[in-house]
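# Quick one, structure for this:
(4 chains)
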2 protein chains.
Amino acid sequence: MVTIYDIAAKAGVSAMTVSRVINNTGKISDKTRTKVRRVMDELGYVQNQMARSLVLQQSNLLFLLITDITNPFYTTLARGAEDAAKKHGYRLLFGNSDESLDKEKDYLDTILATRADGVLIAPTGDSSLPHLETLRKHDVPFVLLDREVPGMESDIVLGDSKEGARRLVEHLSSLGHKRIAMINGSRHVSSARMRLEGYREALKLNDLPYEDQYVLETAFEPRSDLSAIEHWLAEMNPAPTAIIAGNNVLAVEVIRTLTAQGKQVPDDMSLVCFDDLGPLSEINPFLTVIAQQAYQFGYLGMQMLVDRLKERGEPTVPWKKIVLPADMIVRRSAVACGCGLTDTCLGG
Amino acid sequence: MVTIYDIAAKAGVSAMTVSRVINNTGKISDKTRTKVRRVMDELGYVQNQMARSLVLQQSNLLFLLITDITNPFYTTLARGAEDAAKKHGYRLLFGNSDESLDKEKDYLDTILATRADGVLIAPTGDSSLPHLETLRKHDVPFVLLDREVPGMESDIVLGDSKEGARRLVEHLSSLGHKRIAMINGSRHVSSARMRLEGYREALKLNDLPYEDQYVLETAFEPRSDLSAIEHWLAEMNPAPTAIIAGNNVLAVEVIRTLTAQGKQVPDDMSLVCFDDLGPLSEINPFLTVIAQQAYQFGYLGMQMLVDRLKERGEPTVPWKKIVLPADMIVRRSAVACGCGLTDTCLGG
DNA sequence: CTGTTAGCGCGTTCAT
DNA sequence: ATGAACGCGCTAACAG
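Numbering: from 1, shown residues only, chains lettered A, B, ... in the order given. As a prediction, this is how the structure comes out:
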């Protein structure tokens, strides 16, 4: 490994001078600078970030921890965070907790151990609280993304989940649906909680009754319990005519299961969900969705993080909270209720 | 920041003893171990990876660098790499070069500076050579993913691009298409090169003429030059009846552009491509694709990397090369040529 | 403008 | 079974 001492020796200067050239600090004569630069190139010097971070007590590294790297919502968010980080001259590394508390803990350990300067994190759920407390305790600035964690104040970027659910119900109701079911993530995830609340409130507003049997609380994970979905879909009685999925992954699972049960969307069942499905949605529009501004989640979140980084030590600015509105995109997966709008509708 | 010295002081032992407890090295009496452990918990000690890496000369960190984090092919690959890394007890961090040589360089700098133990990399293209040479020079083991880089030998996981292209042409030909166009990534990316070659060879095998005007070489990037695609699509004469896209992103762009020009897929134009589009493909099957085993790219690549890590210092094992076969999934985006299978077909 | 000294937090080596 | 001294590569602070 080439060190600044190697450079120094070969260039006939001290290590300190080399350090100064590298970091552009202090005054260096053009001649020495040029010479040092040349030797650096010759020897293929690479700064040892470890050593540097050790003395500087900061790594110049930012982390983004998402919960599902295969979900277009999070990858688009990641692009936003990336662009904002680059704009401010920070380096960004990604981690994927895969909706697992354990993996989240592993990543947080890594983040702590590498002394990241800041973290953008979509927590797996309310149980992430201890993880965030650790971060806070170690004085690592972080911004929460997409999910609140009760008991932890911080900067945060959220979607308007309640309003989204309300609009979805409204839309289905306007299509004549009266039995609207909802499959959702765990109630220990704030976004799922808010969506369920919005759903219940909207039912009330539309004079539709709420029934427990029409709600399944499972998990946002891609590999969640499929048989639960299967049973739920098969056993609701009378069957709903429309389903709201708490996110895109669940919507996909519902369609899969429905198909396996010989039912078609939207002919036999209308379906809408939160979060779009990436580029394919544009070229082959199918799912009616509440499309959140994924890119902005990342971009604005990173912006807030960088702001925090800058104020280090200054009097604490109050926590900021951004709530992003979302647009409904009406496509083909939800159609008018085929029951003639009567109460005796049996689900098309 | 809590250091081993803080622990040592409070536990009434030396820092060295604390270090031994942390790393489970040497002989420590149960009593001291217990005591040290308790103090560590009390103080919320977190090992300083920087300092540790500095003395150990290794970071225990692995990196995966992909070229498009919004592309399902790469995110699925990432999941594979992640699972394999976890299986072997390694930590994995992600980077996204976004098909940009500059960003790739930035990430490589970070990787070098953080002294990663190994790297899994999908290079942006042939121009990545110097980057790889730097990696090699600094003795960082790496495995190439999805793309070869002429001039650099290494472990590598590849898809059978040539065979894939052959099968796509074969399929279209069997549907009666005679004018089959191809939109592709840059010829400075090996996968694009191989796909073009496969296309040309397959045309020959099927007694179809090759024409330059039917080939557009652009870039695999999501935000590539759209007007080029526009012009190309508008100006081919006679228009092709089918198009092969070098990857999923390009396929999406083609559909978008075609739609803007008032044409429908597959009614006015058949379209097939490399790489599937994630979960939505399953629920709303549309694109006929060569579906590469994305997960295996990552999983097997990581496996190879870990193997290399283990043999450190031993006599060099020859470079390994894995070529993954791919399945064609026939869906709805390519249909029989509507021209009655005559040579005067106008693409209609 | 340039060099010297010291120390960031940790683990290896050698003592005890 | 435990500790002291040293060095990993770098930079801040102070000297010249």
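# what's near enough to touch whatever residue of the stretch 151-300 of chain A ends up closest to DNA strand D?
Using Cβ to the nearest atom of the strand, residue A:155 is the residue of the stretch 151-300 of chain A that sits closest to DNA strand D, at 27.9 Å. Heads up, the C-betas are built off the backbone N, CA and C, glycines and all. Counting by Cβ atoms under 8 Å, 6 or more residues apart in numbering or on different chains, residue A:155 touches A:142, A:143, A:144, A:301, A:304, A:305, A:308, A:319, A:320, A:321.
# tell me which parts of the stretch 51-200 of chain A are close to DNA strand C?
Selection of the stretch 51-200 of chain A residues close to DNA strand C by Cβ under 7 Å from any atom of the strand yields A:51, A:54, A:55, A:57.
# Is stretch A:283-295 in proximity to chain B?
Yes: on the criterion Cβ under 8 Å from any Cβ of the partner chain, stretch A:283-295 is in touch with chain B at A:283, A:284, A:286, A:287.
# and those, which are buried?
Neighbour counting by 16 or more other Cβ atoms under 10 Å in any protein chain shown classes A:283, A:284, A:286, A:287 among the residues of stretch A:283-295 next to chain B as buried.
# circling back to that earlier point, hmm, which two among the residues of stretch A:283-295 next to chain B are most spread apart?
Longest distance between any two of the residues of stretch A:283-295 next to chain B is 12.9 Å, between A:283 and A:287; criterion Cβ to Cβ.
# Out of the residues of the stretch 51-200 of chain A next to DNA strand C, which is nearest to DNA strand D?
The closest of these to DNA strand D turns out to be residue A:51 (Cβ to the nearest atom of the strand; 3.3 Å).
# Which helix or which strand is home to that closest one?
In this structure, residue A:51 sits in helix A:49-56 according to DSSP states H and E.
# Mind listing what's buried along that helix?
Under the neighbour-count criterion of 16+ other Cβ under 10 Å, helix A:49-56 has A:49, A:50, A:51, A:52, A:53, A:54 buried.
# Also stretch A:132-143?
Across stretch A:132-143, burial judged by 16+ other Cβ under 10 Å covers A:132, A:134, A:135, A:140, A:141, A:142, A:143.
# Export those residues as JSON lines, with columns for distance to residue A:203 and secondary structure.
JSON lines is the format used below for the buried residues of stretch A:132-143 (distance: Cβ to Cβ, whole Å; DSSP: H, G, I helix; E, B strand; the rest coil):
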{"residue": "A:132", "distance to residue A:203": "33", "secondary structure": "helix"}
{"residue": "A:134", "distance to residue A:203": "40", "secondary structure": "helix"}
{"residue": "A:135", "distance to residue A:203": "38", "secondary structure": "helix"}
{"residue": "A:140", "distance to residue A:203": "42", "secondary structure": "coil"}
{"residue": "A:141", "distance to residue A:203": "40", "secondary structure": "coil"}
{"residue": "A:142", "distance to residue A:203": "36", "secondary structure": "strand"}
{"residue": "A:143", "distance to residue A:203": "33", "secondary structure": "strand"}
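# on that earlier part again, give me the subset of the buried residues of helix A:49-56 touching DNA strand D.
Taking Cβ under 7 Å from any atom of the strand as the test, DNA strand D is in contact with A:51, A:52, A:54 out of the buried residues of helix A:49-56.
# Let me have those residues in a markdown table, extended by distance to residue B:276 and pLDDT.
Listed next are these as a markdown table, based on distance: Cβ to Cβ, whole Å; pLDDT from 0 to 100:
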| residue | distance to residue B:276 | pLDDT |
| --- | --- | --- |
| A:51 | 45 | 91 |
| A:52 | 43 | 91 |
| A:54 | 45 | 89 |
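# and which of the contacts of residue A:155 is nearest to DNA strand C?
Of all the contacts of residue A:155, DNA strand C sits closest to residue A:142, with 20.9 Å by Cβ to the nearest atom of the strand.
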